[in-house]
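Trainee: I'll drop the sequence and a predicted model, then ask my questions.
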Amino acid sequence: KPNSRKQKNSKLVSKKQLLELYISMTAKQKSSNNLEDNHVKVAIRCRPFNSREKRKSSKLCVSMADKSTVTVWSEEKQKKKTFHFDFCYWSVNQDGPGMTTQDDMFADLGHLYVDNAFKGYNSSVFAYGQTGSGKTFSMLGTAKSPGLIPRGCEELFRRIEQDYDDNVQIEIEASYLEVYM
């Protein structure tokens, strides 16, 4: 029974506040990917090279040791830095081993936000990255490969149809916002 309360005290936050929030989110102790976890999930997706990067014969500087660890290599500094996330998705080689599909992402992330909506919580997915980094593809996808939003909507309505009779009134409020700076 989704929560229909609206938050009334929203305010703008500075980049510094967002960074502090990100740091506090990532500093939380990692736990299993259990639906009862109540911390913010942080995921990363590495996309394939775009046509410009292919023309310039760009070199891959990212690797994933597992589904939660990313290593970035700086050839200029001759250093590597490793980062840990709740989920890491590899989409660099579209036909290669370990390729993450939209289905894989929804299995991990989509069910989390849909399940939480049914528990009465507001659910949000925040995609951040530079232009061309794959945010829109991950969120919206294509007609042949829908992203998190259309899959989430389908799952939401499927569960309503399956679990509730016609006498129950359900109110759903959704929004999608892209901000460019």
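Mentor: Ah, there it is.

Trainee: every contact and neighbour count from this point should use C-alpha atoms.
Mentor: Will do.

Trainee: from what I see, residue 151 and residue 106 are in contact.
Mentor: Yes. Applying Cα atoms under 8 Å, one finds residue 151 in contact with residue 106, separated by 7.3 Å.

Trainee: got the contact list for residue 66?
Mentor: When the contact criterion is Cα atoms under 8 Å, 6 or more residues apart in numbering, the partners of residue 66 are residue 88.

Trainee: now the strands for the protein?
Mentor: Listed in chain order, the strands found in the chain under DSSP state E are 43-46, 62-66, 69-74, 79-84, 87-90.

Trainee: which residues does the first one contact?
Mentor: It refers to strand 43-46. With Cα under 8 Å, 6+ apart as the contact definition, strand 43-46 has outside contacts at 85, 86, 87, 88, 89, 90, 91, 92.

Trainee: could you report the pLDDT at the fourth one?
Mentor: Note on residue 88: pLDDT of 92.

Trainee: what about it, neighbour count?
Mentor: Other residues near residue 88 come to 21 when the count uses other Cα atoms under 10 Å.

Trainee: and the last one, by the same measure?
Mentor: When neighbours are counted by other Cα under 10 Å, residue 92 registers 19.

Trainee: wait, isn't it in contact with residue 59?
Mentor: No. Using Cα under 8 Å, residue 92 is not in contact with residue 59; the gap is 11.9 Å.

Trainee: all helices for this protein, in order.
Mentor: Listed in chain order, the helices of the chain (DSSP state H) span residues 15-27, 51-55, 102-105, 111-118, 135-139, 148-163.

Trainee: next, the angle helix 111-118 makes with the last one.
Mentor: Following axes from the mean of the first three to the mean of the last three Cα atoms, to 10 degrees, one obtains 50 degrees for the angle between helix 148-163 and helix 111-118.
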